[in-house]
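[1] Need the 3D shape of this:
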Amino acid sequence: MAEIEKMMETMKESIRTGVSFEARGIGTYLVHTGFTYPDGDELHIVLREKNGEWVLTDDGHTMMWLSYEDFNLTETRSAALGRTLASNHAEMTDGRIRIPLGDRDPGAVLKSFIQALLQTADLLYLDRQNVRGTFSEDVKDLFRETFGEGCEFDKKISNGGETYDVDVYVPGNLPILVFAVANQERCINAAYAILALTVEKKEGFASLAIVDTSANIRAEDRNRIANRSDKIFFDVPDAGDAALTRFLSRVAAPTH
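    The predicted model follows:
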């Protein structure tokens with residue numbers, strides 16, 4: 001049995017979901033494993049011979065997939081990516097994740113590669129959760145400092161059969177709905193919530209959006225929420241910020 005046939009047979013035996021190989025030219029095979037990215041697209045895995053060495057590579061597909069999902073590769077996330085690759089004996093060159101087979105067991109290498117791609121893709125959701133959580137907490141701390149415990153946090157407002165998430169609800173003669181906008185998805189949802197509640201909700205309110213300028217948010221969506229909210233701040237202002245104080249006074253919010 002040829003070397004490549006032995007490799008393929010070992011890989012098939014290691015992954016019980018059913019592995020198949022599709023020839024894509026001399027010394028190149030697309031590996032079908034049944035594993036997918038979070039959007040349902042199959043993991044892009046290529047088995048290729050280069051300079052007498054067999055490698056598994058994604059040909060840059062995973063990082064490209066992340067770029068489509070508004071993933072911002074900050075220093076912290078780069079470090080997390082480095083740990084993910086190292087723990088799976090993978091490396092990255094020009095955005096391409098790869099693992100040389102060398103003398104290692106081909107089945108074990110394929111498992112490591114699948115895990116490396118899945119964990120790299122999962123950085124998107126860790127990113128969204130952690131970044132929004134940290135930024136949202138900074139926004140909440142601002143209002144805790146300003147109003148003490150006179151605010152409601154993570155309030156859900158139901159209206160018209162839908163529920164809208166508000167990071168901070170400040171009661172008063174004119175309640176203030178505060179939206180911490182830390183990513184693209186939150187920007188769209190917050191803009192929609194403001195519009196829907198303005199149209200549907202009978203009692204009035206003032207809307208305040210605080211946008212993380214380090215987030216990868218499209219300019220048109222940033223402009224949309226700026227136009228729909230009563231006041232917008234780019235990044236969390238200081239508690240004594242003059243513009244914030246004027247806004248809170250104008251809408252008759254509670255004081256200390």
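[2] alpha carbons only for contacts and neighbour counts from here, please
    OK.
[3] surely T120 meets L81?
    Yes: T120 is within contact range of L81, at 6.4 Å (criterion: CA atoms under 8 Å).
[4] Does the closest residue to V251 other than its chain neighbours fall in a helix, a strand, or a coil region?
    Nearest non-adjacent residue to V251, counting by CA to CA, 6 or more residues apart in numbering: L174, 5.9 Å away. Per DSSP: H, G, I helix; E, B strand; the rest coil, the secondary structure class of L174 is coil.
[5] hang on, A116 packs against M92?
    No: with contacts counted by CA under 8 Å, A116 stays clear of M92, the gap being 10.8 Å.
[6] ok, then the element right after the longest helix along the chain?
    Longest helix in the chain, counting residues (DSSP state H): helix 106-147. Next along the chain after helix 106-147, taking DSSP states H and E as the criterion, comes strand 152-159.
[7] Torsion angles phi and psi at the residue nearest to V251?
    Phi and psi for L174, reported as degrees, to the nearest 10, are phi -130, psi 100.
[8] Next, count neighbours for the residue lying closest to Q119 once chain neighbours are set aside.
    Once flanking residues are discounted, Q119 sits nearest to T84: 6.7 Å by CA to CA, 6+ apart. Look at T84: counted by other CA atoms under 10 Å, it has 20 neighbours.
[9] swap in A190?
    Counted with other CA under 10 Å, the neighbours of A190 add up to 25.
[10] Quick check: it vs T163, distance?
    According to CA to CA, to the nearest Å, A190 stands 12 Å off from T163.
[11] low-confidence ranges in the stretch 101-250 of the chain?
    125-133, 160, 200-203 (pLDDT under 70).
[12] go with 50
    Residue ranges of the stretch 101-250 of the chain with pLDDT under 50: 127.
[13] Can you dump the C-alpha atoms of stretch 222-242 in CSV for me?
    Output in CSV follows, covering the C-alpha atoms of stretch 222-242 (Å, rounded to 0.1, in the frame of the first residue of the first chain):
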residue,chain,number,x,y,z
ARG,A,222,-22.4,53.2,14.0
ASN,A,223,-24.1,56.2,12.2
ARG,A,224,-27.5,54.5,12.5
ILE,A,225,-27.4,54.1,16.3
ALA,A,226,-26.0,57.7,16.6
ASN,A,227,-29.0,59.0,14.6
ARG,A,228,-31.5,56.9,16.6
SER,A,229,-30.3,57.5,20.1
ASP,A,230,-30.9,60.7,22.1
LYS,A,231,-27.2,60.8,23.1
ILE,A,232,-24.2,58.9,22.2
PHE,A,233,-20.7,58.6,23.7
PHE,A,234,-17.8,56.9,22.0
ASP,A,235,-16.0,55.0,24.8
VAL,A,236,-17.0,55.2,28.4
PRO,A,237,-17.0,58.8,29.7
ASP,A,238,-15.8,59.8,33.2
ALA,A,239,-18.5,60.1,35.9
GLY,A,240,-17.9,63.8,36.0
ASP,A,241,-18.0,64.3,32.2
ALA,A,242,-19.7,67.6,31.5
